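[1] model this:
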Amino acid sequence: MRTLHIGLRVEVLERSLEFYENLGYEVVGTVPATELGDLTMLKLSDDDVVSLELVHKPDAGRIDPRGLSHLVIQVEDLFHTVTRLRACGIAVGQPSSPDGSDDFWTIMLTDPDGYRIELVQWPVGHANGMTDADFQGEAPQAGEAHD
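    Numbering: from 1, shown residues only. Sure, this is the predicted structure:
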């Protein structure tokens, strides 16, 4: 068993597509007129599979992102990514290092519908994602635990 992708309801599809394409996602395909709405399937350029589904149903009402804490995306070079996003007009703060090292960086930003996104640059040699090795030894410090 494995998680396939996450689906996010979006209010204005074109606005959300522009945002996520600027983050580095590509449209794989669409599934029109489902019970949930029109579905747009996205993947990151380095991935082989869909990891994000934008769900657009114009008459579904206002988006309330409070039930989702955040979406986490791994990047190779966070500082380069921040520069690129700023050039696209996306508001991004300054990266910080949760453990104070020079090679583990994170930053939070918000998409057009209010969903929070964490960008993570793992230290060299770290697995592509969190594993049980991240929790060996002492408990995670504040800012390291993920919901």
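
[2] only C-alpha atoms for contact and neighbour calcs from this point on.
    Fine.

[3] how far away is T81 from T131?
    To T131, T81 is 24 Å away according to CA to CA, to the nearest Å.

[4] So for these two, which residue has more residues nearby?
    Ranked by neighbour count (other CA atoms under 10 Å), T81 and T131 place T81 first, with 18 against 10.

[5] That one: which element?
    helix 78-87 (DSSP states H and E).

[6] list the helices and strands that helix packs on?
    strand 116-121 (3 or more CA pairs under 8 Å, 6 or more residues apart in numbering; DSSP states H and E).

[7] what's the angle between the strand it packs on and helix 78-87?
    Taking axes from the mean of the first three to the mean of the last three CA atoms, to 10 degrees, strand 116-121 and helix 78-87 form an angle of 140 degrees between their directions.

[8] mind listing the strands for the chain?
    Assigned by DSSP state E, the chain shows strands spanning 6-10, 25-31, 38-44, 52-56, 71-74, 105-110, 116-121.

[9] what about these, which gets the closest to E18?
    The minimum distance between E18 and the strands of the chain falls on strand 25-31, with 9.5 Å, by CA to CA.

[10] And the contacts of stretch 7-22?
    52-58, 61-63, 85, 88, 90, 111-113 (CA atoms under 8 Å, 6 or more residues apart in numbering).
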